[in-house]
Each structure stands twice: as C-alpha cells, then as structure tokens.
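S.K.: 3D, please:
(2 chains)
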Amino acid sequence: MELPGWLARGLVDLFPAGSGGATDPDQQLGARLAEAETAGRPLRVKLGIDPTGSDIHLGHSILFRKLRAFQDAGHTAVLIIGDFTARIGDPTGKSSTRVQLDAEAVEANARTYLEQLGQGQPRERALLDFETPGRLEVRRNSEWLAGLDLPQVIDLLGISTVGQMLAKEDFANRYGCGTPISLHEFLYPLLQGYDSVAVQADLELGGTDQKFNVAMGRDLQRHFGQRPQFGLLLPILPGTDGVQKMSKSLGNTVGLREDPLSMYSKLEKVPDAVVDAYLTLLTDADLAALPGNPRERQKAMALEITRARHGSEAAAQAQADAARLVAGVAGTGAADAEVPEASLAAVNFPARAFYLLAAVGVCASSSEARRAIQGGGVRLDGLKLADPNQEFADAAALDGKVLQLGKKTFRRLVAG
RNA sequence: GGGUCGGUGCCCGAGUGGUUAAUGGGGGCGGACUGUAAAUCCGCUGGCUCUGCCUACGUUGGUUCAAAUCCAACCCGGCCCA
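M.R.: Residues are numbered from 1 along each chain as shown, chains lettered A, B, ... in the order given. All right, here's what the predicted structure looks like:
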C-alpha cells in the first residue's frame, strides 16, 4: 500500500516493514492509515523530546516537521516532554554517562522548547500546530513515571535482558572500551518505551539512533496488551561541517532562534554533499526544480530554510547582507545592513581596546580580546586595530562605529 | 569487599622535584588564499582595564628553599577476583 508523499519524504526506516498481509493494519502503515480514516479516528503520533538543553536546532526540527505533517493530515501529535527521563539521561549516542538535571532546570528547558515550537503563535508561523483543536497533546512523562512503584519497575525490568541492552550499540561501545555504564541507564529505554504505553501511541517518530528505544516501545505495548506502534525513523541531520551530526556540543548547529543573517550565512556554507539532504529534510521544495549549479543550489537551500523560519522578506534581506559581508564592504557600507547593536552602557571609560571588546561581549575574556587584536582580526569602522592598549576616552568617541571581529562578527556600538 | 592501574588545560595525551601557564595532537578562533566551504600555509588558544598581578595538573592536608611531579587520607573510574 502506497504511503502519501508527505509521509514518505526523508524516511529512512519504517517498521514493521509489512511482512504480513498487505491489508493488515498492524503490519502495514498504509493499512493503518486507511483504517483510521474509515473509523474517523486520528492516529496518535508520538514524539518524545528530552528537555536537556535550551535551544532547538535544525537537526531537531526534522522530526517536528514530520510531526507537523501528520497534524496537517488530521492526526494527533502527542508531544512527550521527557521531564522525568531527562533526569536519567538518554545514553543514546553518548560516550559517557549523561549528567542528571534537576527538576527546575528541566521545567525551564521544557518551557523554552514549547515556545520555540510555536506555542501561542498562529499555526502558519509555528513549527507545530498549537491552534487547531485535537491536533496536539503535550504530555510530561513524570505524569505516569513519577508514580511507578517498585513492583511496577521490577515488572518493567523483567521485559528486557542484559543481553538485549548490551546489543544496543551505545552500550556495547561503552562496555567494550571500558567506560562506565550505570545501571539506571538501562532503565531509560524501558521508561521511554513505557511512554508509548501510557499515551497509546499508534506510531512513534524518531531519529535513526532511536530505533532501539522505539522498538522497545513496541515490546512494552505488547506486554501491556496494546497494539504495538509503528516506528518511523528519520535521518540524523549532518551539521554545518557536513560530516558529524548536528549537535550543540560539536558547535555545528543552526538554531531555530538565530537571526536571519546568521542562519542564512551558516547555511550557504554547508558542504555541497549535504545540500540535498538539507533540502529534503528541512524544506518542502521540489529538488528537481532547483538550480543544478552547486553554489546556486546552496544559496537556494539557505534562502528556503531561512524563509520558512523568518519569512520571505527577512530571508531576502539576509541573502543580500550576506553577499555584502563576503564582498568585504562591511564596516563602511554596512550602515543599512543588519548589524546587531552593542551597548556601551556597561563599559567604564576610559577604556582600552582589549577591555572594550570583552566588556561589549565580542570576546569571552579580555585576554582573548588582546590576542585577537594582536592577531590582526579586529577592525573598527573598517580600520584594523593594531594596539590592544589603544585608549578610548568616552562613549561618544565610539558611538555609531562598527566593531568587527573576524569576518562574521559585527557590532554597532551604541552609547548609553 | 580484596588486588591492581589510573584521574593533567575545551578534548586526547606527554611530563614523574627545580627558573617557564606546563611538549605534542585534535578542536576552536584569527590572518592569507578560494565560487562560500574544504584543503594548504601562518599566528593565537588560563584570567585580570596587563609592561605587572592572580589562579591552575581529582580533593584535602603534609614533606621540602622548591611539587603536576614525593607522602597520607579521601573522592571518582577501568580491569581482575569475590
């Protein structure tokens, strides 16, 4: 049975793959969709997120986009905030035990996540549809996990075996090279699987690295007498380096909250090899209709993704500004470009150059600023600063000037 | 619980009593170059309004003129045995 295009786009794995009859709604997703439609019952599509950080980046957004597609097709998105599991730490992809977070930090993260996903915004602008009734259910898994008692936990633990756990790649690697694995980490896949039971998921979305956990959900649902969910896996987005997965700790991310210019300029530099993956996974664009020239294609991709987030106007502006910056006109002709402002209010005058850079937030420390100046990477209104000790008497001497660090960082200084 | 090995800067990893923020790699940042990127080459890579002063080699205490380097206790981890 054919899957609709919106569903199949970018898909790398779907299970069960449909060994049973072509019309078996437990084996064929297509059949399940048809069944739902006939019954007038939307499917419950689970996506779990662990609120362990504060910024959502494009890598995460692949899954949210797919979830949104289900919403738009009339199904119910069940977004699970892993407020309880975040406190254990998902061992997936980690080479060491993840730090456990306290409850307040988790809750704060959860709120910023929802905000970034578009809570309170009209659905045309938001990543998820928060508006249409019945299309979204936001659940925190502490709701059912916090109340489990020991006999229930033991029951869960009985479902899997050490062998199965060690078959999981991350555990196997860590066990193999002698990095510690805490026992509570074995609980993670079980608890996440239990989420599927709690929300009676028909289908779970996840990255390919989540296969083990999603499969575990099926086992648990079966154990608790439910129909097992389908697993729908999407690729892990390569980061802007084009090699490693997009991840905050690797510094190769593009954040959802980034301004249009930095979003666009990061994207237009992504290696050619991953441009098509970005297009497939992060846009609805028709790849065949895009320019074949690699550089043009790159730009089209950057423009399209920026537009989805910030609107056509801002994206076009960002493209123009980016071109101008690369051309090296910045600093003088950048007056109208999107140069972020930096206030001089916190600076104590007279200020020496190296201190200024740190005080204004361009450099992390004054020592770093000193080195940057000595390295010849700092300009003020286009003129290279040579002496880190150069002194500025007052804010008026700097007001309105553009401070530049390297090729990418610009700040318009503003007094007051 | 016993035995044993180990814990060094963002990461990996040298150093095992002596003027030194501490070799080397990776990564990062800056410069040159280029269709952006990559590759390559060069520089920087603890903090401080800085020609000096602080803080650093798991933690705490000790020995010494002097310790990342020696000693003790503690904490954390690997492996083997229970």
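S.K.: Chain A: strands as residue ranges?
M.R.: A:13-15, A:44-49, A:76-81, A:136-140, A:203-207, A:230-234, A:341-343, A:351-352, A:378-380, A:383-384, A:391-392, A:402-405, A:409-414 (DSSP state E).
S.K.: Need the ones you listed in CSV (columns: distance to residue A:111).
M.R.: Yep, even glycine has a C-beta here, placed from its N, CA and C like the rest. Output for those, formatted as CSV (distance: least, CB to CB, whole Å):
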stretch, distance to residue A:111
strand A:13-15, 32
strand A:44-49, 13
strand A:76-81, 10
strand A:136-140, 11
strand A:203-207, 22
strand A:230-234, 25
strand A:341-343, 27
strand A:351-352, 38
strand A:378-380, 38
strand A:383-384, 44
strand A:391-392, 41
strand A:402-405, 33
strand A:409-414, 29
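S.K.: so who does residue A:199 touch?
M.R.: Going by CB atoms under 8 Å, 6 or more residues apart in numbering, residue A:199 touches A:44, A:46, A:78, A:80, A:137, A:139.
S.K.: go with 7 Å
M.R.: Residues in contact with residue A:199 (CB atoms under 7 Å, 6 or more residues apart in numbering) are A:44, A:46, A:78, A:80, A:139.
S.K.: what would the residues you listed look like in CSV with neighbour count?
M.R.: Shown next, in CSV, are those (neighbours: other CB atoms under 10 Å):
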residue, neighbour count
A:44, 20
A:46, 29
A:78, 25
A:80, 25
A:139, 18
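S.K.: mind giving me a markdown table with those residues and columns for pLDDT?
M.R.: Converted to a markdown table, the contacts of residue A:199 look like this (pLDDT from 0 to 100):
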| residue | pLDDT |
| --- | --- |
| A:44 | 95 |
| A:46 | 96 |
| A:78 | 96 |
| A:80 | 95 |
| A:139 | 95 |
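S.K.: And those residues, which is closest to residue A:219?
M.R.: residue A:46 (15.0 Å; CB to CB).
S.K.: which residues sit in contact with that closest one?
M.R.: By CB under 7 Å, 6+ apart, the neighbours of residue A:46 are A:78, A:80, A:196, A:199, A:201, A:203-204, A:229.
S.K.: Relative to RNA strand B, how far out is it?
M.R.: 33 Å (CB to the nearest atom of the strand, to the nearest Å).
S.K.: Let me know how buried the closest residue to that residue other than its chain neighbours is, in neighbour terms.
M.R.: Spatially, and ignoring its direct neighbours in sequence, residue A:46 is nearest to residue A:201 (3.8 Å; CB to CB, 6 or more residues apart in numbering). Residue A:201 has 28 neighbours, counted by other CB atoms under 10 Å.
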